[in-house]
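>>> this one's sequence-less:
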């Protein structure tokens, strides 16, 4: 059993992490910090944990956190940059669910997040925690930067095409839709039930912060000499709590081939990517509460546009589940430990 | 006051038509037919009409319907093809909300609808009821074929680009999402609350029946000599009752220009198309229960992909509201008569 | 045409009032005030009003508001108490949608609202705006205090029983459930989509502010000499935007009788109360966006407990629609003017 | 490891049972029967089980099912009555999730279910599977009749009051509300998304089939000599998938006492009943996907009406979770085995 700490455990990724960790066979949840709620039982905020988790929120304290084998940051961007160094120094292994260490170019980070990067010296150590790309490096890493929710679903949808130079990289499209929990638990009018329910809209179409992260990941997957991947990324807000659906479009180059077979081959050893038979349409509910990503591929009317659909639970494979998957890899546990439960359907 | 009849008034487009017509200043609802529910008060099926509409469903009867000045078909495809000739013969003006007379090529219709066209001789008389394209012809028509819901939203999103040859017509994309009422009121497991709520998925990505209708409309808008419009159309099912959102993508050709201004100019005289300021994102709730289509245009990162977002209420501008708009044009009423109420928000 | 002003037009009752008034044949919306949004077009906040209402929010100013024939307060409690006197003095007729003048006992008001009443001298002038009880007084009133949403639905459910001394007044129960728009548009975590969707709970069971208002109304309806009505009132939060459902329970006294007939007789002249046939269950969607209250009565297993179910749209008959109904009565318009549209179904 | 079979595994209680059993440490799912879908992989119907459960649906066959140590019936009422005897005869232990053996009076069953009881000779052997009342008998039983969803939540809310003769038994009220999954997966217009979403209503107020089951259970809990419990039971349909909320009302007799303490004491050893602190309101989402029942008690305004609120997940503690709990008791497993996961929140 290892001891885990969570910095910033009062949000939705925090409670999802707790839900997963309290059932994990190799982990004891030792600390959950919250400046605003220190001293309060965690189960008072999240009654789903009554009778399951008995500890209180504590003030974040590096010495206390250093008692943990692994610390998760489930904080808004900027926080990990400031609190991370004290833990890295103390030798703690860290899984950061925030955006702080996902982008390798500190200037690009600063441009999209509207503030200077607070800890550029650690960026080089951070391993981008998409196991389907970086499993070996994750195993060795002290600091893993978990991918964002949209980036996870979008990259898994497009990687096999880019890795094999099958599409025009300069006109990629990802039409994405997310449940509202992706917007976090801040009290904002825009996220009220009466604003979100019974409606659908795009947002941030001029440029979402996940765009540079996705393009970085796609370009990493391209062969040398290819034009760099350029993505039009339009996120939409769904009137539901959990789930991301990405519908990606690209123009095929070269000879026709069996794309479903290609995807199935690419992901055949992946425990959390499930390629559906041709003609299927993945539903977000098929992955609700689970760490699975389900994908299907179609080439409508046999024309040269390929459509890839991928679904994840934004709080699980898109955040806390992937964080646990990374922890499992880092500590040599079964990669699926604590992540094997079937999705909740209906 | 004219007398209106509705054939097949028990579905969702039927009740929406009734909602609009009972408040229309120039119309009396004279007949609502239903084979299965003949004899039953309409308000027993739709309690929203208690105290407002006092008539009973009747058996469909051409002689009785011929007493009406206008007859609406709110029926599944195939019905209008069989019952329409008797009314056309008797000189009744007809607005068909079904798919029966939208496609000019009977063979293409047969291919997509899986049965021979039942009344090819009337196809030539049918005017495609998209007022933003065909207002003058609608005014003179005896038979108006109302556009489908997706086709309305998609064409309004793409027409200004195609009419002006601004985009590559061979790689158009329409990523569409619809509320469940678009699937009608048939008892199917797939449309149960517990199947649809809290989930999101694409469907019919290999080919939806609205595709040939949309491509026909887009091609009508192109200048001669252009390559014919080819659309990748992927519909998705939203966990909500009403509303369609289309996110259309196209590759720009030629010189940069102010696309929002272009759209605003194109639709400036249209009572039911509202082009939003640059940077806006239309929400489906902004048109709920109204006949309005709201559109915005964006060109992310200044790249050559243009994104057009359009929203309608699938039951109103996407069906029954547009039917009333067509009737208004046909009978020389104010085009907005009975359609001026503000959308229901929140 | 009269001129109407709205104080506090940025919330949900504000936009609902605007939706109704812009279609009202006798009213011009002259002013909508908002301290925080003065200068901004109203339609920028509520895109549903684009093309329909062209004015901007203004600072609240008594002299400007005194140009109006009627002023509506759609403000949180406390505001009307402070701004009302200046308008009353200037002779303006006022319809207050807030709780400020509903309770006749200033001390009781202070106890439930946690602050002293700011304008006790006007309480005596205020007429409680439940037309089904006070139509004549409303017609003459300068100041009408519109009932709360729960109080409207609960009183309409119980009045016929209490007016006729048919039930034990000391053990009345109202199990109520409301859509989230009843909680207003304030940014609170508790009202976020991800907190409210897909869940159901009671709240304020130890005492909700609407309780004294309801008991006051019920006691007004009782004959002299009866024990004063005592109500157990438990509100619940529904995962939907609009609609209130009250299920009221009482113990019958005296001889058996046809309760549905009794209710139908009581409300036969009421334009906005619809008593359903025995065996019916009113649905909130049957009144969505309409000013109607639908009621049904049942006596399960022929035992001595009567169950009355009533539904309203909390924003319409429960707030803004009833405010318009009161205005119609005050100004001698047709009581249904602007309120005749059928409910939005589905 | 024991082998489990499921008869009728295509509905919502079926897939919930599968979700729980595939993670159960002591159980192997050996057979899932379905007449209509025999031969099809279970995971084709429920993609949430892809990669987790590899078997196909089979025709129900008593000899094959007799290979199982335990067989669950997740069938509509009537089926277990006809197929059960062959299994009982072969010595198989059976957990019946349907209504077939819940009511001890065959004539009463016939009256409420509208058909003669098909297997009255086995009624005497059936143990009513509410562990909080019948744990010892369940441990010995060959045939356990799992309680209905409403009966579970209602009995747990009222038992402590009736066991202690604290309330007037002749005027009990249970105002209940359920998510739509309780209505099953049959294709009915009434359960379509567009009929259920965004609305709320009561149903079956004149008499729901769960009423006699609840009254039987409540009367079992009363002391001798008490007037038999009579319940007014009004169920309502919630626009959500999972969750039951019961708000029970009763008139207190005798001396005032700390009711929360009384409930806490009654349930202190129960692994799946959680009594909340005074002043709390249980939310259905706090038990979503879990086998927990959460309860709170309030006595508004210190009057003599007590209000008890209880929540369960209708598919878990209200059906399949309780079935697994019963199986655990029958086979001597840890009663919580396979049922320890935290609820899914948000």
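In hand now; what should we look at? These numbers come from a predicted model, not from an experiment.
>>> how far does the longest helix seen in chain A sit from the chain's center?
Assignment by DSSP state H gives helix A:149-163 as the longest helix of chain A. When distances are taken as Cα atoms, centre = their mean, to the nearest Å, helix A:149-163 is centred 12 Å away from the chain's centroid.
>>> what packs against that helix?
Contacts defined by 3 or more Cβ pairs under 8 Å, 6 or more residues apart in numbering or on different chains; DSSP states H and E place helix A:149-163 against helix A:131-140, strand A:172-178, helix A:210-221, strand A:231-237, strand A:244-251, helix A:259-266, strand A:293-298, strand A:305-312. Any C-beta I mention is one placed from the backbone N, CA and C, and that applies to glycine too.
>>> Residue A:307 versus residue A:301, what's the distance?
From residue A:301 across to residue A:307, the span is 11 Å (Cβ to Cβ, to the nearest Å).
>>> Tell me which of those two has more neighbours.
Set residue A:301 next to residue A:307 and count neighbours by other Cβ atoms under 10 Å in any protein chain shown: residue A:307 wins out with 25 against 14.
>>> now that one, nearest residue through space, not along the chain?
Among residues not flanking residue A:307 along the chain, residue A:298 sits closest, at 5.0 Å (Cβ to Cβ, 6 or more residues apart in numbering or on different chains).
>>> Which helix or strand contains residue A:270?
According to DSSP states H and E, residue A:270 maps onto no helix or strand at all.
>>> Surely it touches residue A:132?
Yes. With contact defined as Cβ atoms under 8 Å, residue A:270 counts as touching residue A:132 (5.6 Å).
>>> and the residue nearest to residue A:271 when sequence neighbours are not counted, how many neighbours?
Spatial nearest neighbour of residue A:271, excluding adjacent residues (Cβ to Cβ, 6+ apart): residue A:336 at 5.1 Å. Look at residue A:336: counted by other Cβ under 10 Å, it has 13 neighbours.
>>> could you check the distance from residue A:336 over to residue D:41?
21 Å.
>>> Next: residue A:193.
According to Cβ to Cβ, residue A:193 and residue D:41 sit 38 Å apart.
>>> Between those two, which is the more surrounded one?
More neighbours surround residue A:193 than the other of residue A:193 and residue D:41, with 27 against 15 (other Cβ under 10 Å).
>>> could you list every residue that touches that one?
Counting by Cβ atoms under 8 Å, 6 or more residues apart in numbering or on different chains, residue A:193 makes contact with C:180, C:191, C:192, C:193, C:195, C:196, C:197, C:239, C:241.
>>> could you flag which of the residues you listed are buried?
Of the members of the contacts of residue A:193, the ones counted as buried by neighbours, 16 or more other Cβ atoms under 10 Å in any protein chain shown, are C:180, C:191, C:192, C:193, C:195, C:196, C:197, C:239, C:241.
>>> Leaving out the residues flanking it, which one is nearest to the residue of the stretch 1-150 of chain A found nearest chain B?
Residue nearest to chain B within the stretch 1-150 of chain A (Cβ to the nearest Cβ): residue A:112, separated by 11.8 Å. Using Cβ to Cβ, 6+ apart and skipping residues adjacent in sequence, the residue nearest residue A:112 is residue A:209, 5.0 Å away.
>>> you'd agree that neighbour is up against residue A:113?
Yes. The criterion here is Cβ under 8 Å, and residue A:209 meets it with residue A:113 at 6.6 Å.
>>> And residue A:233, how far from residue B:235?
From residue A:233 over to residue B:235 the distance is 20 Å, taken as Cβ to Cβ.
>>> Kindly report the same for residue A:49.
Residue A:49 sits 40 Å away from residue B:235, taking Cβ to Cβ as the criterion.
>>> Kindly report the same for residue A:61.
According to Cβ to Cβ, residue A:61 stands 52 Å off from residue B:235.
>>> ok, now residue A:151?
As for residue A:151, its distance to residue B:235 is 25 Å (criterion: Cβ to Cβ).
>>> So which of these two has more stuff around it?
Using other Cβ under 10 Å, the more surrounded residue of residue A:151 and residue B:235 is residue A:151, with 28 against 22.
>>> check contacts around the more buried one.
So residue A:151 contacts A:102, A:130, A:210, A:213, A:214, A:217 (Cβ under 8 Å, 6+ apart).
>>> ditto for residue A:294
Applying Cβ under 8 Å, 6+ apart to residue A:294 gives the contacts A:273, A:274, A:275, A:276, A:282, A:286, A:287, A:310, A:311, D:47, D:50.
>>> what do you get for residue A:53?
Neighbouring residues of residue A:53 by Cβ under 8 Å, 6+ apart: A:18, A:22, A:29, A:42, A:43, D:342.
>>> most neighbours, which of those residues?
Among those, residue A:18 has the most neighbours (other Cβ under 10 Å), with 27 neighbours.
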